[in-house]
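In: sharing a model that was predicted from the sequence below.
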Amino acid sequence: MTQNTYYDDLRLLSGRIKTVEIGDSEGARVLIAPAFGGRVMTSTLAGPDAEGFGWVNRQFISSGADDDVFNNYGGEDRFWLGPEAGQFGLWFKKDDPFDLLHWKTPAGLNRGKFRLTSQSKTAVAMTADFKVQSYSGTTFTCAVRRVVRLLSRGRVAEMLGSPIPAGVKSVAFESANTLVNAGEQAWTPSTGLLSVWVLGQFKPLERGRIIVPFNRGCESELGPKATTSYFGDLPPQRCKIGEDHLLFSCDGEFRSKIGISPARSKNVLGSYDPDKRSLTIVQFNLPGGASRLPYVNSLWRLQDQPFAGDVVNAYNDGKTQGSQKPPGRFYELETSSPAAQLSPGQDVTHVHRTMHFQGAAEGLSQIALRVLGADLAQI
């Protein structure tokens, strides 16, 4: 199957909305859509005629549709807020069951356009203002500042802790997402808290896997290695859990999700495609002492512990029960900030970095072993 190039996606998007590009002289480009919630739609490391890394929902965008439930444009870095479900969740109305038939993206996130406030060759700044309401009825008045920056190879090497191996090309960017309590009331645990939630959508990998490292230790001290029950039981062949990392299927064929708790989480996850020799790394600013901080719980049920949620999540789209149609074929790499207990005017910033590498298998293996603690020969 022929894949669309970065230029194909740029042409499609530019025919509908104003787009913004940042890049360098080596062929790295990053495509941003302020009108589509400030998303980074896709990126490339070898110029416009190469394939883009982000999953772009071409059929939905071409239709010009406005979906009241979810305007799923795609994009490899989008801004959302958590929690999704539970008594403080934002995607369900009071007393509605927690299922796909009643799941609905808040209007401020679904239709919210970001305003472009500054732009250079390597960075874009955007802002947005909106309100969201929780299952319990609390209204949150939000102001968001979002800055997307291209990361140089030198900066990426610094973050990886070693040079990028010879023969490996790269493109990398980060989004710095600042959430401000723009209302008149403090956000408190008793009425619910928000978190910054960044999600990247990528093309499904038939033979590839998502790789999520986690802290070693016995479950009596650190709790389960991973949450795998978001959407029912997860067949073991779809999630292989080792002592310090897991491998999760991302073929877009079976709707499932995993999560890593604050006690287990590291500041990184990724995915590997052995067919295209492509490695994706996602890093984020995990706070020190995260295990002692509240994280919103997005499990689809009323919760005994609404602030015992996950820091890192990964999602695989696909078949669902009954006749419910999945939103598309893709997988997601997701990270979240701690729950934001903010007085009026206070803010929290969550930084989410996406790095793509392509080239010699030996070079990619060096990166994966150092950063993810995983042997790519397992995949």
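Out: Structure's in. What do you need? Numbers count the residues shown, from 1 in each chain.
In: residue 71: how many residues sit nearby?
Out: Neighbours of residue 71 under the rule other C-beta atoms under 10 Å: 18. C-beta coordinates here come from the backbone N, C-alpha and C atoms, glycine included.
In: one more: residue 135?
Out: Residue 135 has 21 nearby residues by other C-beta under 10 Å.
In: on the three-state scheme, it is what?
Out: Applying DSSP: H, G, I helix; E, B strand; the rest coil to residue 135 yields a three-state assignment of coil.
In: surely it touches residue 97?
Out: No - the pair residue 135 / residue 97 is not scored as a contact, 11.4 Å apart, by C-beta atoms under 8 Å.
In: enumerate every residue touching the closest residue to residue 58 other than its chain neighbours.
Out: Of all residues not flanking residue 58 in the chain, residue 12 sits nearest, at 6.0 Å (C-beta to C-beta, 6 or more residues apart in numbering). The neighbours of residue 12, taking C-beta atoms under 8 Å, 6 or more residues apart in numbering as the test, are 56, 58, 61-62.
In: quickly list what the most centrally placed residue in the chain is bridged to.
Out: Centroid check for the chain by C-alpha atoms, centre = their mean gives residue 199 as the closest residue, at 1.8 Å. On the basis of DSSP bridges, residue 199 is bridged to residue 78, residue 334.
In: residues touching it, list them.
Out: By C-beta under 8 Å, 6+ apart, the neighbours of residue 199 are 77-78, 80, 315, 332-334.
In: same deal with residue 94?
Out: Applying C-beta under 8 Å, 6+ apart, one finds that residue 94 lies in contact with 135-137.
In: how near is it to residue 52?
Out: Remark: distance between residue 94 and residue 52 (C-beta to C-beta, to the nearest Å) = 40 Å.
In: let me see the ranges of the helices in this structure.
Out: Here the chain has its helices, by DSSP state H, at 6-14, 58-63, 107-110, 153-160, 219-222, 361-371.
In: so which of the ones you listed is nearest residue 271?
Out: For residue 271, the closest of the helices of the chain is helix 361-371, at 10.3 Å, according to C-beta to C-beta.
In: quick one: mean pLDDT for stretch 247-265?
Out: In this model, stretch 247-265 has a mean pLDDT of 96.
In: can you get me the start-to-end distance on it?
Out: End-to-end span of stretch 247-265 (C-alpha to C-alpha, to the nearest Å): 15 Å.
In: identify the bridge partners of residue 116.
Out: Bridge pairing for residue 116 - DSSP bridges - gives residue 126.
In: contacting residues around it?
Out: Residue 116 makes contacts with 20, 34, 124-126, as judged by C-beta under 8 Å, 6+ apart.
In: please report how far it lies from residue 34.
Out: Distance of residue 116 to residue 34, computed by C-beta to C-beta: 5 Å.
In: what residues are shared contacts of these two?
Out: Taking C-beta under 8 Å, 6+ apart as the criterion, residue 116 and residue 34 both touch 20, 124, 126.
In: what's the local residue count around the closest residue to residue 45 other than its chain neighbours?
Out: Excluding the flanking residues, the one nearest residue 45 by C-beta to C-beta, 6+ apart is residue 171, at 3.8 Å. Residue 171: 28 surrounding residues under other C-beta under 10 Å.
In: one more: residue 342?
Out: The local packing of residue 342 (other C-beta under 10 Å) involves 20 other residues.
In: what sits against the closest residue in space to it that isn't next to it in sequence?
Out: Excluding the flanking residues, the one nearest residue 342 by C-beta to C-beta, 6+ apart is residue 181, at 3.9 Å. Applying C-beta under 8 Å, 6+ apart, we find residue 181 in contact with 140-142, 187, 340, 342-347.
In: out of these, which is most surrounded?
Out: For the contacts of residue 181, the largest number of neighbours (other C-beta under 10 Å) sits with residue 140, at 25 neighbours.
In: separation between it and residue 286?
Out: In this view, residue 140 and residue 286 are 24 Å apart by C-beta to C-beta.
In: could you do residue 74 as well?
Out: Residue 74 sits 26 Å away from residue 286, going by C-beta to C-beta.
In: the two: who's more crowded?
Out: residue 74 (25 against 20).
In: surely that one touches residue 200?
Out: No - with contact defined as C-beta under 8 Å, residue 74 does not reach residue 200; the gap is 9.9 Å.
In: what is in contact with the two at once?
Out: Shared contacts of residue 74 and residue 200 (C-beta under 8 Å, 6+ apart): residue 54.
In: of all the helices of the chain, which one is nearest residue 319?
Out: Of the helices of the chain, nearest to residue 319 by C-beta to C-beta is helix 58-63, at 18.4 Å.
In: rounded mean pLDDT for that closest one, please.
Out: Averaged over helix 58-63, pLDDT sits at 96.
In: please begin residue numbering at 134 from this point
Out: I'll keep to 134 as the first residue from here, and by that count the last item is helix 191-196.
In: go through it and flag the buried ones.
Out: Across helix 191-196, burial judged by 16 or more other C-beta atoms under 10 Å covers 193-194.
In: what does stretch 294-311 give?
Out: Of all the residues in stretch 294-311, those buried under the rule 16+ other C-beta under 10 Å are 297, 301-311.
In: who's in contact with residue 333?
Out: Going by C-beta under 8 Å, 6+ apart, residue 333 touches 187, 208-211, 415, 465-467, 485, 487.
In: now do 7 Å
Out: 209-210, 415, 465-466, 487 (C-beta atoms under 7 Å, 6 or more residues apart in numbering).
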